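Peer 1: only the shape, not the letters, is given here:
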């Protein structure tokens, strides 16, 4: 990716409700952070940077720390009560350490037509982008209301986690169109098989 080029498009499977949970979704159905291009697409799609921000300075050293942060966030979100285990202590320490870096600095500038738009004061550093995600994880983990709304998808073989903001807090699937539809089809097949028997 050349310096000055915008990030390629990223199509998330669904909006998990938090940036740190969106990071967890980058493993399913396939690894999406296995290249600089994939990571830059996710950074743009997750809106860690304003639309059109060039990330051409990103290099091969960037994906690994994002994958590392993803492991730690996943561990803390999926096992919130395992606070004293060595792996949880290590995960929390690393998330807190990554959250300390200065995030990218936004500024308002005149865009086409004279309207004010957001842009970054300088190209974002990997550490600053990691800090944005780590801070979001810290906010989620320390907010009892938001923490109580975290759900794991009930779909077969679906590891995705999301923030349930539905009325009545009864959401069961990461995506009604994907996992929900699979469950409805499977239920229909079971009923049809019982009717034939």
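Peer 2: Received, thanks. Note that the coordinates shown come from a computational prediction; the quantities given were computed from them, not determined experimentally.
Peer 1: could you use CA atoms for every contact and neighbour count after this?
Peer 2: Noted.
Peer 1: in contact with the nearest residue to residue 161 once chain neighbours are set aside, which residues?
Peer 2: In space, residue 161 comes closest to residue 152 once its chain neighbours are excluded; the distance is 4.4 Å by Cα to Cα, 6 or more residues apart in numbering. With contact set as Cα atoms under 8 Å, 6 or more residues apart in numbering, residue 152 has these partners: 159-162, 172-174.
Peer 1: just the ones of the residues you listed in strands?
Peer 2: Mapping those onto strands (DSSP state E) picks out 161-162.
Peer 1: are any of the contacts of residue 152 buried, and which?
Peer 2: Taking 16 or more other Cα atoms under 10 Å as the criterion, what is buried in the contacts of residue 152 is 160-162, 172-174.
Peer 1: next, the contact list for residue 43, please.
Peer 2: Per Cα under 8 Å, 6+ apart, neighbours of residue 43: residue 49.
Peer 1: which strand or helix spans the residue nearest the centre of the chain?
Peer 2: Geometric centre of the chain, nearest residue: residue 22, 1.7 Å, by Cα atoms, centre = their mean. In the assignment (DSSP states H and E), residue 22 maps to helix 19-24.
Peer 1: and that helix, what does it pack onto?
Peer 2: Helices and strands touching helix 19-24, as assessed by 3 or more Cα pairs under 8 Å, 6 or more residues apart in numbering; DSSP states H and E, comprise helix 63-78, helix 126-142, strand 161-163.
Peer 1: surely residue 22 and residue 32 touch.
Peer 2: No - using Cα atoms under 8 Å as the test, residue 22 is too far from residue 32 to be in contact (11.5 Å).
Peer 1: grab the nearest non-local neighbour of residue 39.
Peer 2: residue 33 (4.9 Å).
Peer 1: and what of residue 116?
Peer 2: Spatial nearest neighbour of residue 116, chain neighbours left out: residue 110 (4.6 Å); criterion: Cα to Cα, 6+ apart.
Peer 1: and the helices in the protein, which stretches?
Peer 2: 19-24, 36-45, 63-78, 86-99, 126-142, 144-148, 181-196 (DSSP state H).
Peer 1: which residues sit against the third one?
Peer 2: So the one you mean is helix 63-78. Contacts for helix 63-78 (Cα under 8 Å, 6+ apart): 20, 23-24, 33-36, 39, 88, 91-92, 94-95, 130, 134, 137, 141, 150.
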